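Student: Let me see the structure of the following:
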Amino acid sequence: MLGSLKNIFKVADLRNKVLFTLMIIAVYQLGANLPVPGIDFAALKQLETSASGSGVLGFLNLFSGGALTRFAIFGLGIMPYITSSIIIQLLTTVIPKFEEWRDQGPVGEKKLTQTTRYLTIVLAILQGTGLAFVFHNGGAGFLPNGQQIDLIPSFTIARVLFIVLTFTAGTALVMWLGELITQRGIGQGMSIIIFANVVAGIPSGGHAILAQAGGFKFGVIVVLALIILVAIVFVEQGQRRIPVTFAKRVVGRNMYGGGSTHIPLKVNQAGVIPIIFASSILYFPVLLTNIIPWAGFRTFVNNHLVSATSFYYIISYGILIVMFTFFYVQVAFDPYQQADIIRKQSGFIPGIRPGAPTERYLAKILNRITFPGSLFLAAVALVPAIALALWHVTGYPFAGTTLLIAVGVALETMKQVDSQLSMRNYDGFLK
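Tutor: Numbers count the residues shown, from 1 in each chain. Predicted structure coming up:
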């Protein structure tokens, strides 16, 4: 390991990329600790203490690296961009213009990226406005046990507009920082920022569990986390390779094509996206408590869906993760489109006819590996939460999700580092 780290700094280009990435992460952490002007700092301290076990606010806070509960300039974090990217990806399958852009290659990708940026700004304005009103009204269901915290006691139009503008500008800056990492740093920029955020919360989360549960239970949780970590590495590397053979073509006196390759279908094809989907859906009942005046509905939501260690929250969370895994995989990997691409390139899967039979075969294989992948995602997200719920520990209910994100991004980044080291005849991390 130490030898591999030394190899990174031997290559000037790779060393500069790593240092540039670390510099961008430092800039993000600075913005994540600078609160927006015009808020009550005493109430802000109370918010940081209250949000640790919240299923709604805690999850948003996880992806912002704690910036949300600090009401920081980067308080919205990367979530508006993630949400925008998911929406554009889903709309690509239903809007013909987006589908046309997707099939245009780099030119179309540039148009989709620009559309994603515009939608990110719109979502940042909406989310910033919503947060300003929610935390002026005392948290409005986002905090456990019906707590009320007013972060903006002097609530004027000018002050709210300034806070929303600051949040939106922060989101735009985060988006730019992520793209800078992708272009000039190492790894995928947005993933690296998420990785930095969730890893930054691990020490404080561990301390919260230790303070609530004691040494023995904390040790059990650590052992469980190590087992989950090994399982994540094993499953993330797992894939089903579909062999594809391409026929040779004779053009004039020359022969083109031929050879064989494979389509890699990962067991965890959806990554962490279903977890984000499921958490977003569980936000809606909490938001509806501000609109629906039914006292019974509000009581049920506040008692069972606000805390991430609630039995109802855990069951609903697991079911939604499994459902959204199938949904997202079907959108991200279209068997019809893949079969059409293979046919147009004069390829075929050995033993399977081109066209509709290839499409049915790919769909069948995809469903077979997606089912265990969805159960794995649900288990990773829920097993630590169940253990903590049994011990009535609410300090850090997102341990499984944190490990999944951290390991997934780390593996992808290490693959990129390894490829650059191997091109220069250096040993990499993954041997």
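Student: list the contacts for the closest residue to Pro35 other than its chain neighbours?
Tutor: Nearest-residue entry for Pro35: Phe71, 5.1 Å, with adjacent residues in sequence omitted and distances by C-beta to C-beta, 6 or more residues apart in numbering. Any C-beta I mention is one placed from the backbone N, CA and C, and that applies to glycine too. Contact analysis of Phe71 by C-beta atoms under 8 Å, 6 or more residues apart in numbering lists Pro35, Val36, Ile39, Leu44, Leu47, Phe135, Leu151.
Student: how does it look with 10 Å?
Tutor: If a contact means C-beta atoms under 10 Å, 6 or more residues apart in numbering, then Phe71 has 34-36, 38-41, 43-44, 47-48, 131-132, 135, 151-152, 163, 166-167 as its contacts.
Student: Do you have the strands of the stretch 251-400 of the chain handy? List them.
Tutor: Along the stretch 251-400 of the chain, the stretches classed as strands by DSSP state E, counting those that start in this stretch are 254-257, 260-266, 347-348.
Student: Mark which of the contacts of Phe71 are buried, thanks.
Tutor: Buried members of those, counted by 16 or more other C-beta atoms under 10 Å: 34-36, 38-40, 43-44, 47, 131-132, 135, 151-152, 163, 166-167.
Student: Sort out for me which of those are in helices.
Tutor: Secondary structure defined by DSSP state H assigns Ala43, Leu44, Leu47, Leu131, Ala132, Phe135, Ile163, Thr166, Phe167 of those to helices.
Student: which one among those gets closest to Val244?
Tutor: When these are ranked by distance to Val244 (C-beta to C-beta), Phe167 comes first, at 47.1 Å.
Student: What does the pLDDT read for that closest one?
Tutor: Listed pLDDT for Phe167 reads 90.
Student: now swap in Ala172 and tell me
Tutor: Confidence score, pLDDT, at Ala172: 92.
Student: host element of it?
Tutor: Ala172 is located in helix 157-184, with elements delineated by DSSP states H and E.
Student: Gly66 touches Leu44, doesn't it?
Tutor: No: under the criterion of C-beta atoms under 10 Å, Gly66 makes no contact with Leu44, lying 11.9 Å away.
Student: shared neighbours of these two, anything?
Tutor: Shared contacts of Gly66 and Leu44, defined by C-beta under 10 Å, 6+ apart, comprise Ala72.
Student: quick check: mean pLDDT across the helix ranked longest in the chain?
Tutor: If each helix of the chain is counted by residues according to DSSP H, the longest one is helix 356-390. Per-region confidence: helix 356-390 scores 85 on mean pLDDT.
Student: Buried residues, that helix. List them.
Tutor: 358-359, 361-363, 365-366, 369-370, 373-374, 376-389.
Student: now Arg353: how far from Asn268?
Tutor: Distance of Arg353 to Asn268, given as C-beta to C-beta, to the nearest Å: 30 Å.
Student: Who has more neighbours out of these two?
Tutor: Asn268 (25 against 11; other C-beta atoms under 10 Å).
Student: wait, isn't that one in contact with Phe371?
Tutor: No: between Asn268 and Phe371 there is no contact under C-beta under 10 Å: 11.9 Å.
Student: Now the common contact residues for these two.
Tutor: Joint contacts of Asn268 and Phe371 (C-beta under 10 Å, 6+ apart) are Thr325.
Student: Quick check: pLDDT value at the residue lying closest to Ser346 once chain neighbours are set aside.
Tutor: Nearest in space to Ser346, with sequence neighbours left out and distances taken as C-beta to C-beta, 6+ apart, is Ala247 at 4.6 Å. For Ala247, the model assigns a pLDDT of 73.
Student: picking that back up, how far is the longest helix of the chain from where the chain is centred?
Tutor: Taking C-alpha atoms, centre = their mean, to the nearest Å, the mean C-alpha location of helix 356-390 is offset from the chain mean by 17 Å.
Student: Just want the angle from it to strand 260-266.
Tutor: With axes from the mean of the first three to the mean of the last three C-alpha atoms, to 10 degrees as the basis, helix 356-390 and strand 260-266 are set at 30 degrees to each other.
Student: Report the contact partners of Thr261.
Tutor: Taking C-beta under 10 Å, 6+ apart as the test, what Thr261 contacts is Arg241, Ile242, Pro243, Val244, Thr245, Phe246, Gly347.
Student: Please list only the buried members of those residues.
Tutor: Buried members of the contacts of Thr261, counted by 16+ other C-beta under 10 Å: Ile242, Val244, Phe246, Gly347.
Student: picking that back up, would you single out the least confident of the strands of the stretch 251-400 of the chain?
Tutor: Among these, strand 254-257 has the lowest mean pLDDT, at a mean of 62.
Student: which regions of the chain lie under the pLDDT threshold?
Tutor: For the chain, the stretches flagged by pLDDT under 70 are 1-5, 48-60, 137-148, 248-258, 286-293, 306-309, 394-399, 424-431.
Student: Any idea how many residues pack against Ile227?
Tutor: By the criterion of other C-beta under 10 Å, Ile227 has 11 neighbours.
Student: show me where the stretch 201-350 of the chain has helices.
Tutor: Along the stretch 201-350 of the chain, counting by DSSP state H, counting those that start in this stretch, helices occupy 202-213, 215-237, 273-288, 295-304, 311-332, 335-344.
Student: and of those, who's closest to Val407?
Tutor: Nearest of the helices of the stretch 201-350 of the chain (C-beta to C-beta): helix 215-237, 4.5 Å.
Student: For that closest one, give me every contacting residue.
Tutor: Taking C-beta under 10 Å, 6+ apart as the rule, helix 215-237 contacts 202, 206-207, 209-213, 266-268, 271, 372-373, 376-377, 379-380, 383-384, 387-388, 390-391, 393, 396, 399-400, 402-408, 410-412, 430.
Student: can you check stretch 179-186 too?
Tutor: Against stretch 179-186 from outside (C-beta under 10 Å, 6+ apart): 8, 14, 16-25, 27-28, 81, 113, 117, 177-178, 187-193, 413-414, 416-417, 420.
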